[in-house]
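A.B. asks: starting from these lines, generate the structure:
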Amino acid sequence: MTPTETRSSSTTTAIPKPTLPRGVEVEPILADFGAVVRGVAFCDPASTELLRDLVHAHGLVFLRDQKMSDVEHIEAARRFGETGVYPLQAAAGACEPLEFIEDAPDDPPKADGWHSDVSWIEKPPVLAFLSMLEVPDRGGDTMWVDTAKAWDTLSPTMQEIAAKLSVYHDISEANRQIFLRKWGQAIIDRTKERYGMGTTHPLVRQHPVTGRRSLYLAGYFMKHIVGLNEAESEALLGFFMRHATAPERAVRWRWRENDFAIWDERRTMHRALGDHFPRRRRVRRCTVLGERPIAAFG
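C.D. replies: The predicted structure follows:
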């Protein structure tokens, strides 16, 4: 494969935007990443296909004033696919897919670092649905970056290099300690037995619906590039992370109570900023399961 062949086979054009019903407005945040959607209720079954298409087109959408119960949240999310229970919750015996994440004075923020959710299992989530329940009076924004645009803007030579690489993902030592304090060793052992706590994924993945290629980056869940020594792996992963998280590819969202976000885990990374601490922030989240990441190049 030559650099020219890599570039010419890349899908760099924007995904066509769906036709909007009367009363629905879409305000893009970046040119083809992130959008605020008005005139749509997440819990309305008639909105499911439109929201699915908008997420595929923009990668990330926000809806304001989406107050809903736990049951309504789950029922609406299930119209998008099979919802997954967070692996440690499942190992502890939970059956419901909702996850409540709370930051409080005695429970500091745990996600203030770039990542893609649960990348350390064989089939990570493909969609995420987050409802903001309690907002700090200042701070506590969340940021997302477009890893499809990050792929598109690599040089042909770097695309050729990236196309050949695979990355081993695991829970990271920092998260292992968080899990140990919250869940205990028995639950960690059960999770590892049921799901594993590490797996290899391609660095460049292809979206099964849109066909777009993206860098599959997961921040602190990425342990090393397969086949490289430690120094080589750190250098390349550091480059890809700096490239992907450049400000021009980032959306920063200031939350209001009852805001709702949907994002495509296949083409994004995110981080929940911890600058509100020790103020409280509480969210409710669930995810939809999908395929094992599809390598963009054989």
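A.B. asks: CA only for contacts and neighbour counts going forward, please
C.D. replies: Will do.
A.B. asks: quick one, what contacts P97?
C.D. replies: I74, T83, G84, V85, Y86, C286, T287 (Cα atoms under 8 Å, 6 or more residues apart in numbering).
A.B. asks: next: K17.
C.D. replies: D53, L54, A57.
A.B. asks: would you list these in CSV and tack on neighbour count?
C.D. replies: As requested, the contacts of K17 are exported to CSV (neighbours: other Cα atoms under 10 Å):
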residue, neighbour count
D53, 18
L54, 25
A57, 21
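A.B. asks: now these in CSV, with pLDDT and distance to M132?
C.D. replies: Shown next, in CSV, are the contacts of K17 (pLDDT from 0 to 100; distance: Cα to Cα, whole Å):
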residue, pLDDT, distance to M132
D53, 97, 23
L54, 97, 20
A57, 96, 23
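A.B. asks: among those residues, which are in helices?
C.D. replies: Judged by DSSP state H, the subset of the contacts of K17 located in helices is D53, L54, A57.
A.B. asks: separation between the second one and L236?
C.D. replies: Separation of L54 from L236 (Cα to Cα, to the nearest Å): 33 Å.
A.B. asks: next one: E265 from A218, what distance?
C.D. replies: Distance, E265 to A218, using Cα to Cα: 10 Å.
A.B. asks: any shared contact partners between those two?
C.D. replies: Taking Cα under 8 Å, 6+ apart as the criterion, E265 and A218 both touch S116, D117.
A.B. asks: pLDDT wise, what is T4 at?
C.D. replies: Looking at T4, its pLDDT is 33.
A.B. asks: what's the helix ranked longest in the chain in contact with?
C.D. replies: Among the segments of the chain that qualify as a helix by DSSP H, the longest is helix 230-244. Residues outside helix 230-244 that contact it (Cα under 8 Å, 6+ apart): V145, D146, T147, A150, L217, G219, H224, I225.
A.B. asks: quick revisit: quick check, nearest of the contacts of K17 to I15?
C.D. replies: Set against I15, the nearest of those by Cα to Cα is A57 (5.1 Å).
A.B. asks: verify the contact between the closest one and P28 for me.
C.D. replies: No - counting by Cα atoms under 8 Å, A57 does not reach P28; the two are 10.5 Å apart.
A.B. asks: what would the contacts of K17 look like in CSV with distance to C43?
C.D. replies: Shown next, in CSV, are these (distance: Cα to Cα, whole Å):
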residue, distance to C43
D53, 16
L54, 16
A57, 20
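A.B. asks: now the helices for the stretch 101-250 of the chain?
C.D. replies: Taking DSSP state H, counting those that start in this stretch as the criterion, the stretch 101-250 of the chain contains helices spanning 147-152, 156-163, 173-183, 185-195, 230-244.
A.B. asks: between those, which gets nearest to H207?
C.D. replies: With Cα to Cα as the criterion, H207 lies closest to helix 147-152 of the helices of the stretch 101-250 of the chain, at 9.5 Å.
A.B. asks: the residue nearest to R78 when sequence neighbours are not counted: what secondary structure?
C.D. replies: In this structure, R78 finds its nearest non-sequential neighbour in V288, 7.6 Å apart by Cα to Cα, 6 or more residues apart in numbering. Look at V288: counting by DSSP: H, G, I helix; E, B strand; the rest coil, its state is strand.
A.B. asks: the bottom helix or strand of this structure by mean pLDDT?
C.D. replies: Among the helices and strands of the chain, helix 3-8 carries the lowest confidence by mean pLDDT, DSSP states H and E, at a mean of 36.
A.B. asks: tell me the helix or strand right after that one.
C.D. replies: Where DSSP states H and E defines the elements, the next helix or strand beyond helix 3-8 is strand 25-28.
A.B. asks: avg pLDDT for that next one?
C.D. replies: The average pLDDT for strand 25-28 rounds to 97.
A.B. asks: please name every helix or strand in contact with that strand.
C.D. replies: Counting contacts by 3 or more Cα pairs under 8 Å, 6 or more residues apart in numbering; DSSP states H and E, strand 25-28 is packed against strand 35-38.
A.B. asks: what lines up beside the strand it packs on in the sheet?
C.D. replies: Within its sheet, strand 35-38 is paired with strand 25-28 (antiparallel), strand 60-63 (parallel), according to DSSP bridges.
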